[in-house]
Structures are given as C-alpha cells and as structure tokens.
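S.K.: Structure of the sequence below:
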Amino acid sequence: MSEQSTVETTKPVFIAGGEGDPKQGMALCLTCGGTKIAKYQEATKTWIYVDGTSHTGHELTLPGQDTITIPSESHIQGLTPLLSYIIKQYQGMGLVGEERNIAQLFLTGITRHLPAKYRRHVIFQGESGTGKTKIARTGLKPFWGDVENYTRITGAGLDRKEGSLDGKILFLEQIEGSEPGQLKYLMTEGSLTILVADRDSSGRIVSHAHQLKGEPVVVSTLVGAVIDAQLLNRVSTLEIDESTQQTERITRHKLQQWSNIDSEQEPPLLRTIQQIDEKCWELGKHVKEVKIPFATQLEEGLPKILAMRRATDRILSLVSAIAFVKAALGMRPQAKLKEVKLEQLNRYMYVIALPEDLTDALYCLGEAFSDSLTYFFGRSKQIYEELCKNPCASSRDIAQITKISQNRAREYLNSLVDLGYATKTKDKGIYRYEPKPHDNTTLKLQATYTEAELQQWFQQQFPNNDAELVIPAEAKTGFDLPRPVQVCLESEPNLTTVEKTGHETVTDGKVVPDTALETGTNDTVPDIAPLKPDDVKGR
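M.R.: Predicted coordinates for the structure are as follows:
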C-alpha cells in the first residue's frame, strides 16, 4: 500500500480481490491515479472499468471517505503536488492539457473569498472553436453557485443592477469590444455610484444616487484582437493552446468519448474541488491580508517599464492566491491577532506566502506572461515581429505573410496602434503600418527565505507582541526555492509535463498537504463540512 494511503479513514483503502474487499458498489482506483471509477461486477466477481479493464490487484477506495490524499510527487514538472493534483481533477472532468490556464482560472475563482484588492480577472484568448468557453465553464463549475453568467452586459444594466457583486464571479461569455465603462470601474474600484433621475411617489422627477457595491472576479473570452485597451490592462490574458499537438490530444480524447460509455467520474472530481473551495471560503472570512515577506527581494528582477505598475500586482496577487489555498489546507504560516477590536472581529488573520508559492505562480503565468506585460496577446506579438521585418505593410500584406484573414490582421494591427507599438497612415486609399521601437527586457524573479528570517520579520511587524505566529509542520518545505526562475520577455511558453507518480484519493473530508507528504509525514487538517445546497447557491 502506498505511503500516503496510511492516513486514517472511515473506509480504508483495499486491494481489489484481496482481504477487505467489500465486493460491491463503485470505487476510485488509486493505482490508476484516482480519476478512474471501477464498478464491482457480480457476474465475474471483479472490479472493472467501463471499457472492461479489470482492476484486480489494484488499490481502491470507496467514495464517501473523510480524506483527500494529495500525491507525494507532482505529475507536472515545475509545479508543486497540490496544484498539480487540482489540475488533474479538472482534466478528469474532460479538459485536455491547458495546465497553466486551468491553474490560473481555479486560483482566480478562489480570490473571490479574499478582500477586494486580491481579486483577479482573466480573459481566455483564441480563435473561434478552440475551446475557450469549454475551459471557462468547466473551470467555473465548482464555483457555479457564485457565478453570474451573461451573454452581454450594457451600461444601463449595470447602472440599475441591485444587490452586491462582492464575492461573485461575473462570467461574460465573450468580449465584443463594446463593453461599458462601468465594468472597468467595478474591476478596480469595487463600486458604482450613479446619479439617476426617477419619479417619486408624487410623480415629480427627482434625482437620487444608486450604488452598486462589490468588486467581482471577471472571467470572459476573446476572439481576435478587438478589446478596449483599459480593459486589457486590468486582466490577465490566457492564451489557448492552438498547437498541432494539442489538436491531436483533443481529437484523441473526443474519439474516446464517442467510443466509451460515460464513466460518471465527474461528480466526485467536482466534489473534490468544491471541498477545497469550501475550506478557502471558511478561511477567507477571517483573512485580513496575505503578506509576502520576501517581496522586496524581487525588485531587481522586475523590468523598469510602465506596464509593471499594474503587472507587479498581477504577479503578487497570484502568489497570494496560491498561499491562501495552501493556508486553507493548513500548509502556510499565519499571524493571528491576539486581541481583536470590534471592527476587526471577522478579519484578524494574516496569511504568509513562502518562496515555493512564487515558483508555483511563475509556472502558472508561464513564459507567455512576458508578452502580456507589454500587452501583446494572441498573435499580436507575431504580427509586430512581421511588421518590423516589413515596414509600411498593409493589412493585406500581413494577412498573406501570417496566413490569417485580412480582417483579423487588421484587428491586430489596429490594436498595436492603440497600444503604441505601431503607427498608421493612409497612402492612396490604403492604410499602411509602421512599427515603433519596443524594448527587449527580462523578468528574472527569485527569492530565498528561511524560518529564522520569517521570525525576524514577524517581530518587526508586531513589536508589541499583539499577534501569534503559527507555522504548521506542513509549511516547512515552502521556505525553499529550489532554483532561480527566469522568464524571458521574448520567449514562447513551454508546457512540458512528466509522467505522474504517486496516487490521488478523492474523498469527503480531510486534506493531507503535499508538503507533509514530501517530508514523509501524514498530518491532516480538520474535517471539511459537507456542502449544503443553500451554501452553493449564494454564499
């Protein structure tokens, strides 16, 4: 039996066909990674998968246990086991590849539990039919009770909206380029105050202020390059993998779907993500701030460009989101105020990020993040490079070179003009584009931090001894950053994965942290309370 399966459970792991085999019902196969559901077939007295494959001799566990077991090793190179495990659950729900995008969407959704300044916004960018909406909908499915889904939003609609958007996810199906300015204010200011004129009870027209409060998490998709520049600099753009290899993987997956009976494995996988989200919700109510004590070490690695004024927040908010998820599972240090004032009654805790969270964040951002720093997205970088080789080119010229439609080429060229990377002049009825200089800079982020340095930081932040520092055993390995992480602003993303090792057990209660397993321990955190329908519909 694997090391991580020694955790106490109400229904222990068993060997199919061996002692302790209940010989009934359905079970998750740990040997197959925890994402395959085996069913006991009475006629043959064996546990089988939907395709008839026997699981005799495999480690199985029945649904309804009170633990979630995180594998001791990551199946994704460059990522810690916890986030790797979460990505694996989403891929078990039908997503293929897209590891970085899955991780970013999950973490973006989780930030709705944090104070407003930590909220993140993402837009999936890709051509039509590449799977943007599928990834967004599947990624948001565990949070759907907090999702407000719209095909289109108007300014008047937001002006008149009642209630609060705090803790909500605003899922806009597709960016059309004509989104109202009110949306941008909500994404940064967290409120809208509109002076409107209405008739009062006596019939007189009077003015009054209508206020919409709450900063939502915004998720959307984008085809092409038509997007407001101010909206673009408020979001992280996630590019869909349009490579031939990804197309082959998706095609293979679809063929398997058409040839095999549905294994009904989505509900337990969905439930696993919901359990983690529930723990984040419980902790989020008490979090005052997420602090990154080693943040000052990053200064020299940040390029000195204007875009970093907002990009720095995007990087560090992702580090904070990762630390927050791990803290919710008992895997990160926390500073807790000893005496809480009435106005601080709910928020009395500081979550503390560690260098390992920076490593995870840089993986999630990927090398393509370097392009988004300078607001290159989709194929705009390629268009810019071709324009540098072919100055005074028209949209038709660029379309022929890049083998895209002339309309799409024109969209990208106009976006380069809007963002200040090109100029446009009219010559004999034809618009021609000239590139403007663009600096090549490097983003190089690395940090080291020891437990002793954390203790010293804590003493400096709380000199009056008015807080308590709690460092879980599971957080010990998070102090180490194994290697410097460098992202070149002109590189392409590399989504290399390695074969998975270890097992994953999806169950109903505790979480064994990845860092605990790395150090050979098997500590658990408290039980996760079952989700109630009312909780899911509107926390």
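S.K.: Can you tell me how far the residue sitting furthest away from the middle of the chain is from Ile169?
M.R.: When each C-alpha in the chain is compared with the mean C-alpha position (C-alpha atoms, centre = their mean), Ser202 comes out farthest, at 51.3 Å. Per C-beta to C-beta, to the nearest Å, Ser202 is found 41 Å from Ile169. To be clear about C-beta, it is placed using only N, CA and C from the backbone, and glycine gets the same treatment.
S.K.: can you check Ile135 too?
M.R.: Distance from Ile135 to Ile169, counting by C-beta to C-beta: 14 Å.
S.K.: Could you do Ala323 as well?
M.R.: 21 Å.
S.K.: likewise Ser191?
M.R.: Counting by C-beta to C-beta, the gap from Ser191 to Ile169 is 17 Å.
S.K.: More neighbours: these two, which one.
M.R.: Ile169 (23 against 15; other C-beta atoms under 10 Å).
S.K.: Can you tell me who that one pairs with across the strands?
M.R.: Val147, Val217 (DSSP bridges).
S.K.: wait, it sits on Pro216?
M.R.: Yes: counting by C-beta atoms under 8 Å, Pro216 is a contact partner of Ile169 at 6.4 Å.
S.K.: Overlap in contacts, these two.
M.R.: Contact with both Ile169 and Pro216 is made by residues Arg112, Glu148, according to C-beta atoms under 8 Å, 6 or more residues apart in numbering.
S.K.: and the helix or strand that contains Ile194, which strands flank it?
M.R.: Applying DSSP states H and E as the criterion places Ile194 in strand 191-199. Sheet partners assigned to strand 191-199 using DSSP bridges are listed as strand 205-213 (antiparallel).
S.K.: could you give me the average pLDDT of the partner strand?
M.R.: Average pLDDT, strand 205-213: 78.
S.K.: contacts for it?
M.R.: Identification of contacts with strand 205-213 by C-beta under 8 Å, 6+ apart yields 158-166, 186, 190-200.
S.K.: In ChimeraX, how would I select the buried members of those residues?
M.R.: Only the buried entries of the contacts of strand 205-213 go into this ChimeraX selection, using 16 or more other C-beta atoms under 10 Å:
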select :158,161,165,186,190,192
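S.K.: ok so, going back, next, the residue farthest from the centre of the chain: secondary structure please.
M.R.: Classification of Ser202 by DSSP: H, G, I helix; E, B strand; the rest coil places it in coil.
S.K.: Which residues are in contact with the nearest residue to Tyr431 once chain neighbours are set aside?
M.R.: Counting by C-beta to C-beta, 6 or more residues apart in numbering, Lys424 is the residue found nearest to Tyr431 once chain neighbours are left out, at 5.4 Å. Contacts here follow C-beta under 8 Å, 6+ apart; on that basis Lys424 touches Leu413, Asn414, Val417, Tyr431, Arg432, Tyr433, Glu434.
S.K.: can you tell me the helix or strand for Lys424?
M.R.: Here Lys424 is assigned to strand 422-427, by DSSP H and E.
S.K.: So for that strand, what gets flagged as buried?
M.R.: Buried, per 16+ other C-beta under 10 Å, within strand 422-427: Ala422.
S.K.: Let me know the next secondary structure element after that strand.
M.R.: Assigned by DSSP H and E, the successor of strand 422-427 is strand 430-435.
S.K.: CA-only coordinates of that following strand, as CSV, when you get a sec.
M.R.: Provided in CSV are the C-alpha atoms of strand 430-435 (Å, rounded to 0.1, in the frame of the first residue of the first chain):
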residue,chain,number,x,y,z
ILE,A,430,-4.6,52.1,-48.3
TYR,A,431,-3.7,52.1,-44.6
ARG,A,432,0.0,51.3,-44.0
TYR,A,433,1.5,50.5,-40.7
GLU,A,434,5.0,51.3,-39.3
PRO,A,435,6.4,49.6,-36.1
